[in-house]
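Asks: the amino acid sequence is not available; the structure is as follows:
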């Protein structure tokens, strides 16, 4: 069982605990849809068929200030790839995706790559039909590919199922020496914020840190106003490292086009407040572009120069 972090993971975590803020990238899906991904197509297959597009995506984010980019593997698990007849290419797709991002990171100074691990789309028994052992093996399969490709950490992101999230942390902790970040989605209702299965943000902190996560946070589902509200709840309940990646607002459909309403200028105002809360890992989710990232980079750089 692996408990210790490797030197790179130790350095990132140590810097975060000292007050440095790391900037992640913006939306992957938004970028790919604008650069050749056909409706209904498999984003992860582009790692094999259009590697230059994937490399240029990472380059664009690095050039605009990202310290960390994510691999194009959000749906790179067995269950999601099976929809495209690619279930036998899980290791290959994840390894190639990591190698592409790392090749871009190496061109720049002090840049990192985190492996993106999205929800599998299945549920563990008794809620679903997948056994815990099978889910463990499928998560391990994806992580092995990412690790072989050279990622510097795992971001278990956009999670809705508590059991799957906890199991993913367990898989990462038992088999690898990499930084583990977890990020769940919360919806706002009359009684506050809850995950799909009723987990409140402050309760997720203890669960996920105790399970072995190094960083806990939230992404997707909310614009920057609501992410700021969730972040305040987080920070009132922990001094440990946190992650936030907001959408560029809630999408609006106009003439069949999906429009994300939050401009870089609008989001920067809220991200300044997230910096004041010492949210250690900041990035963008759906609808955010390299323009958003560049704006975030300017204010984060100013913060980091003062610490």
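Replies: Alright, I've got the coordinates. No experiment lies behind these values; they were computed from the predicted model shown. Numbers count the residues shown, from 1 in each chain.

Asks: show me which positions of stretch 105-114 end up buried.
Replies: 105, 111, 112, 113, 114 (16 or more other C-beta atoms under 10 Å). All C-beta spots, glycine's among them, are computed from the backbone N, C-alpha and C.

Asks: just those: which are in strands?
Replies: 112, 113, 114 (DSSP state E).

Asks: for the first one, give me the pLDDT.
Replies: On pLDDT, residue 112 comes in at 98.

Asks: close enough to count as contact, it and residue 11?
Replies: No: in this structure, residue 112 is not within contact of residue 11 by C-beta atoms under 8 Å, at 9.6 Å.

Asks: got the contact list for residue 205?
Replies: Contacts here follow C-beta atoms under 8 Å, 6 or more residues apart in numbering; on that basis residue 205 touches 216, 234, 237, 238, 240.

Asks: any idea how far residue 140 is from it?
Replies: 25 Å (C-beta to C-beta, to the nearest Å).

Asks: ranges for the helices of this structure?
Replies: In the chain, helices defined by DSSP state H lie at 7-17, 28-33, 46-49, 51-63, 78-82, 90-105, 132-149, 162-175, 201-211, 224-237, 264-276, 290-306, listed in chain order.

Asks: quick check: mean pLDDT of the longest one?
Replies: Per-residue pLDDT values across helix 132-149 average out to 98.

Asks: mind giving me the packing neighbours of that helix?
Replies: For helix 132-149, the packing partners by 3 or more C-beta pairs under 8 Å, 6 or more residues apart in numbering; DSSP states H and E come out as helix 78-82, helix 90-105, strand 112-117, helix 162-175.

Asks: just put the ones you listed in a markdown table and tack on distance to residue 227.
Replies: As requested, the helices and strands packed on helix 132-149 are arranged in a markdown table below (distance: least, C-beta to C-beta, whole Å):
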| stretch | distance to residue 227 |
| --- | --- |
| helix 78-82 | 25 |
| helix 90-105 | 25 |
| strand 112-117 | 19 |
| helix 162-175 | 18 |
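
Asks: my guess is residue 229 contacts residue 193, does it?
Replies: Yes: with contact defined as C-beta under 8 Å, residue 229 and residue 193 form a contacting pair (7.4 Å).

Asks: comparing the two, which residue is more hemmed in?
Replies: residue 193 (19 against 16; other C-beta atoms under 10 Å).
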